[in-house]
Structure formats: structure tokens, C-alpha cells
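Q: here is the input, now give the coordinates:
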Amino acid sequence: MGLRPRADFAPKEYLRLNPDVAGSGIPPLMHYLTSGQGEGRSGQPRHATRPLPSCPLPRLRFDPGRPKARFALHAHIYYPDLWPEFATRFDEIGDGIDLYITLTWRGEETRWLADEITERFPRAFVTPVPNRGRDILPFLLLANAGAFDGYDALCKIHTKKSPHRDDGDQWRRHLIDGVLPATGLQERLQHFLADDAAAFWVADGQAYAARDWWGINRDKTGAVLRRVELDPLLDSLRFPAGSIYWMKPLMLGMIKALDLDAPMFEPEKGQVDGTLAHAVERAIGGLALAAGQEIRETAALMRPRRAGHSGAPALRAPSYVSAFYLPQFHPIAENDAWWGAGFTEWRGVVDAASAFPGHLQPLRPADLGYYDLRATEVMGDQAALARGAGIDAFCVYHYWFGGRRVLEQPLDRLLARPEIDFPFYLCWANESWRRNWDGLSGEVLLDQSYAPGFEAALVASALPYMRDPRYQRPDGRRPRFVIYRPEDMPAPEQNIARMRRAWAEAGIGPVELGAVSFHVSGKNAVDPDLFDFWVEMPPHGLVKSEDFLFGGSAGNLMGGAGPAPGFAGLIYDYRAIAARSLTPKYRDRLPPNTIAGIMPSWDNTARRGPRAHIAHGATPASFRKWLRGLCDGPLSQSYRGELFINAWNEWAEKAMLEPSTRFGRLYLDVLSETTAVREQHHDDRTSAHG
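A: Okay, the predicted model is just below:
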């Protein structure tokens, strides 16, 4: 008939319960659809009713610095009788893969099996687990404990029998043979890693379109994806059927970010559909889709790819990467007076409340903690993380208000610590401070003025930093300086001329002067040629009314997943503005000497609470898709081939690359994939000229 049975129809069980059909020679599904269903015949699979003994959840924590192989494999053993088949396969693939084995607890027989496994594979990690969450929860227990961090790729398999299928054993062997061949595994893994568009690798025929295989899982799958703001992708995704596959680190990190734990999984009652485990199996396809990646089947994985096509290694990397840097995270007298003693923006970050189901707030720091930038060592740690991801410089905000400096302590202390390698240049944040934080409206707390002679005074305030050897000259000659709001200056052309003259008179020489392309016009128009370059700074100028999911003229487009009553802010689609940023129509409006910009996320709930502006769907996966789009196109037209990121550490606007407890280092890992191409090209050129 060309049809496949759903999970709640078991052909073998149907024939067992209906011996007349078995003797008729009519295929069981055909009989059920044409007559058996109307006759009330059962096709439900039979499951063992004997409950398994309980056992506590293992308490796991893995040392991230422990020695590791390049690859890892997790095998969940529910059916002990299939262990010999798996053991033979592990012997065939040989060394070079760390084994992690979970065993559904069945009592003493499980303890004996664990001893047998440990004797045969002494380096394997083996632990019993309770019978809950099928093969998914055991995998998550290990993943959430850090077991798989640091591997280049991870394989997930399990003892699949699929009693609802009459070809269950054959299907299992096909699934495993496809991803763990007895020969040629290393070659296939190299193809997988080199395939930039591949997120998962599955056996042939195992990338299913979810719309054809929802069963009763659609709503629950949407709820899973909503945990990382990706539920709009629900109807477009494909998923790896059978829950047997290889995955790359980004997918592992996104699965961990779902933040699922044991109590969320239903008690085991032999369900054939509709559980959280079934939903997670499908939801991971949405994670790949968000990243602009695919589920690659074995035959396609091994197929040669031409440059310019999906999976091709040719990727343009930025020549120089900058990230805006906020030196706010330390107490100052002004903030004490305005917001309370000891205030820093960490206070708002901690208190940020989720506005809608799945809203990724609060988002909290991980590796660096709630740092105080008066401890200059923190800046060295930040620079080390940034350097590892390929960031060349921090563009540090310079707060100068008519001669009054604020938030200057971190950089001033840095000048006294020459051993700390912190590459930077300045951006004059010439915007009044206001109580509502947007710089455009509300009570003025600190006014930005432009008194006669301000140009020379501003230049003088920057000189100590520009004379530091860590101050950056991206073109190799000129120190760089950026102005945030050039149109707010009273006479931009004359003001800039005076600044350049003041720098020359101070012995600095020519300065590479840039400006931010802001979304709101200032008082005085600026000729694009007045500056050496402009900085594209998303979301400025990118968000349009048609991008609003909530708060626009169309009202609430999020339905029941929208914010609770009382929310008066705006929610817009991160993926929509990312797509717009790549269009010729948008880019043609930018000055020709613009540095291409990108943002990892945007959400100022920590500052504005229920009046926040939120980019919905901003995750490391979505960031990867945008970044790849930039590198494949607009980056070629960017000033000097550079990339500008908004931002490194704007935690109160959730515009940051720094590690978080939810996403770990995923943003940095995504960026490093792109900048690694630059380093590879550099190494290739060095070898060619060596």
C-alpha cells in the first residue's frame, strides 16, 4: 500500500490476536485499514507488564579536564539480551572512542552485566539507571553532568527492539550499521566533521519529516522547543528516526540548554507514543533547523560536494573581529545615588523575570561569575576567552560627559597592569544617561553636552589609552576610535576636523575614525564620507513592524505562548531580522564603508522589566545561522572584511558572548568555528610560502 504503520499499530501483535488474518495472506495493515478497524479488532502492541525494580538516579559529575579520546559513544542497554550484539560492534570499531554505557536497572542481573562490561571494556563508564525516559533520559543524565563536553562528535545508540514493527531487529541493525560500520568509520567521521551543514548523521532513510510522523506528539514537541524559544520551527523540522545518530557539539549544547531533568519524564507504563521522550526525539530536529543545518544520511554524507553547495568547506572568515565591551560592572557613586548603594547591572540580571512560556530569562553568568571589573584579572580572563574564539579586540565604551568621566576604573587599572593582555580601542558613548536606559527618553541622569572646545578635551581624555601598546591599530598603522552618536554633535564636520587636529598635535598622528550607524537620526546630518568607516550595530535599523510577534499593530501573534497580562513591551522575531540583514535591499542602505555587524541576542528585561524589547528565538543555534549567512555573502562587502559583534558583555540587554549557565560557551564555540577558517587559511598560506 505504500504506507507505514504508526507506533500504536503492531503488525505482529495484530496477526497474533487475529489468526484468521494470519492465515489469509492479507498484509496486516491493509486488513486493519479496510475492515479490521471497523470490526473493532485490536492492533495495539503488547508490552511487558512486569514492573522493573526501582533504583536511585545516579549522582554524576565529570571532570572537564580528564583525558579524553576525540569521540564519545553513549549506549543505553534496556534489553540485556542484546548486549552481546553491541559488544561485538564495539570490538569492531576499535579504540579511539570513549564508551559511556547506561543499563536499565533490573536488579542483580544488571550488576552482573555491569561487571561483565567493565571486564571487557575497562575504560568504559558504566552506570545503572531507573526505567524512566526510555533512552533519552539516561542520555540527558550524562550530558547534563558534563560527560560529553569536549568531544568532537558524539554517537548515541540503544538496544532498540521496536515491538510495534514486524522488522524491529532488522531496523535496529540498519540504524546502527549506518552510523557504526564495522569498517570505514573514521573516514565517515571525517566527512561528517567536514560537512558544515550537517548537525546529525543518521543511517539512510532515517531523516523523517515531522509533519508525517507527529502521532500525538506535536503539542509536546512544541513545548520542548519553546524551552529555547524555537517553537515557531515546529512544522518545518525533520528528525532522526529511531533515536540513533551522531551529533556535533553545538547540538549537544542545545540539547543541554533544553534544561530537562528526570521528574519531567513520565513513569514508564509501556507507552507507544505521546511521552516527553517521544517529543525530545522529534524536537532535536528543530535545533538543527535553527542552526541552518541538516540531518545527514550516510549516503549523502559520503557524496562529494562542490564549493558553494550545502556542506562545502569554503567559508569566508572575517579578517578582524571586534566586540562592544561594557565597563559597567563595578559600583560607582553615581549609580549608588540613582539606583541604591552597591548597584551594578548584575542586580537587574539576577532579578529578570520570564515574561512568557520558555522566555530565556533570567540568563546568568557561568565561567566568569558575577565579576567586579575593579579586579583587573577578570579582564585578562575575558580576553583569553575572546582570543580563543577569534576576537581581535574589545571596543570599550568611553563615558565622557563634558569633562566628567564615569566607569573609567577598569581601564585605568588596566593601564597599571601591562602584563594583562587585553586588546582594546575606545568608543565614545556620547549619549545622555536616562532613567529608562534607552538614551532617548525619560529623566536625564547625566547629560551629554558639547561646550566649545569639547573636541580637544575629549581627545585629551583618550590619550593615555591610545598610548598604551595594547591599544589596537587594525590596519597596522592608525589607532582606532569610534563615536556612538555622531549626529548628536553640534557641527559634525567641524567637530571631527578639530578632533583629528588635536590627535595630530598630541603626537598620535592619523586616527582611524569610525561611527555607529544608529537607528534614530540625530539633530545634524553626517556625510558618510566624514568617517573612515561605519559600524552596523544590530538591532538598530533592522526591526520592522512585520517582525513583531507581540506589541505591534497585529497584537499577539504568539497565541497561548505569549506574555502574561501586564506585559507592555515588544517581542520581535530574531530569525526575521537576521534574514533581513542579509538582503541586498537592507545592505544597500548602509554606507559603503560599513563593518558588517551581528548580535548574539537582545532582551533588555533586566533593565526595563515588563516594558522590555525582546528578540524572540535568539540562541547559539540561531546565531550560527545568521553568522554563516553573513560570511557567505555580506562579509565580502564589509569594510576591510571585518566583523563587529554587539556585544561581549551587555548582560542587562542579553547581548553577550560570555558563557552563561544555560548555554555554556556555545556562542564562543560558534564564533570560533568561523574564525578557525581564518586561521586555517593563514596556516595554509604560511605553508605555501614556507
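
Q: how about the residue most central in space within the chain, nearest residue that isn't a chain neighbour?
A: The C-alpha lying nearest the average C-alpha coordinate of the chain belongs to residue 620 (CA atoms, centre = their mean; 1.5 Å). Once flanking residues are discounted, residue 620 sits nearest to residue 666: 3.6 Å by CB to CB, 6 or more residues apart in numbering. Where you see a C-beta, it was placed from the backbone N, CA and C, and this is true even at glycine.

Q: quick check: residue 499 vs residue 400, distance?
A: 12 Å (CB to CB, to the nearest Å).

Q: sorry, that was for residue 144
A: In terms of CB to CB, residue 144 sits 46 Å off from residue 400.

Q: same question for residue 241.
A: 60 Å.

Q: hmm, back to that, of residue 144 and residue 400, who's got more company?
A: residue 400 (20 against 17; other CB atoms under 10 Å).

Q: what is in contact with residue 499 and residue 400 at once?
A: Among the neighbours of residue 499, those also in contact with residue 400 (CB atoms under 8 Å, 6 or more residues apart in numbering) are residue 458.

Q: these two touch, right, the residue nearest to residue 620 and residue 253?
A: Yes. Assessed by CB atoms under 8 Å, residue 666 is found in contact with residue 253 at 4.4 Å.

Q: find residues that contact each of these two.
A: Contacts common to residue 666 and residue 253, judged by CB under 8 Å, 6+ apart, are residue 620.

Q: what segments of the stretch 1-150 of the chain are strands?
A: 71-77, 97-104, 125-129 (DSSP state E, counting those that start in this stretch).

Q: partner strands of the last one, with direction?
A: In this case it means strand 125-129. In the sheet, strand 125-129 lines up against strand 97-104 (parallel) (DSSP bridges).

Q: by how many degrees do the partner strand and strand 71-77 diverge?
A: 20 degrees (axes from the mean of the first three to the mean of the last three CA atoms, to 10 degrees).

Q: hmm, back to that, which ones are touching the residue nearest to residue 620?
A: Applying CB under 8 Å, 6+ apart, the residues near residue 666 are 250, 253, 254, 257, 620.

Q: same thing with residue 285?
A: Contacts of residue 285 by CB under 8 Å, 6+ apart are 210, 237, 238, 239, 240, 295.

Q: tell me the average confidence for the helix or strand where the last one lies?
A: Put plainly, it is residue 295. Residue 295 is part of strand 294-297, with elements assigned from DSSP states H and E. For strand 294-297, the mean per-residue pLDDT is 96.

Q: for it, name the packing helices and strands.
A: The contact analysis (3 or more CB pairs under 8 Å, 6 or more residues apart in numbering; DSSP states H and E) places strand 294-297 against strand 198-202, strand 207-209, strand 238-240, helix 276-290.

Q: now those as CSV including mean pLDDT and distance to residue 671?
A: Converted to CSV, these look like this (pLDDT from 0 to 100; distance: least, CB to CB, whole Å):
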stretch, mean pLDDT, distance to residue 671
strand 198-202, 98, 17
strand 207-209, 93, 28
strand 238-240, 94, 27
helix 276-290, 96, 17
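
Q: would CSV of the ones you listed with distance to residue 469 be doable?
A: CSV is the format used below for the helices and strands packed on strand 294-297 (distance: least, CB to CB, whole Å):
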stretch, distance to residue 469
strand 198-202, 42
strand 207-209, 53
strand 238-240, 51
helix 276-290, 42
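
Q: list just the one of those that sits closest to residue 33.
A: For the helices and strands packed on strand 294-297, the distance to residue 33 is smallest for strand 207-209, at 20.8 Å, taking CB to CB.

Q: show me what the closest one is packed against.
A: strand 238-240, strand 294-297.

Q: if anything else comes up later, I'll come back, but that's it for now.
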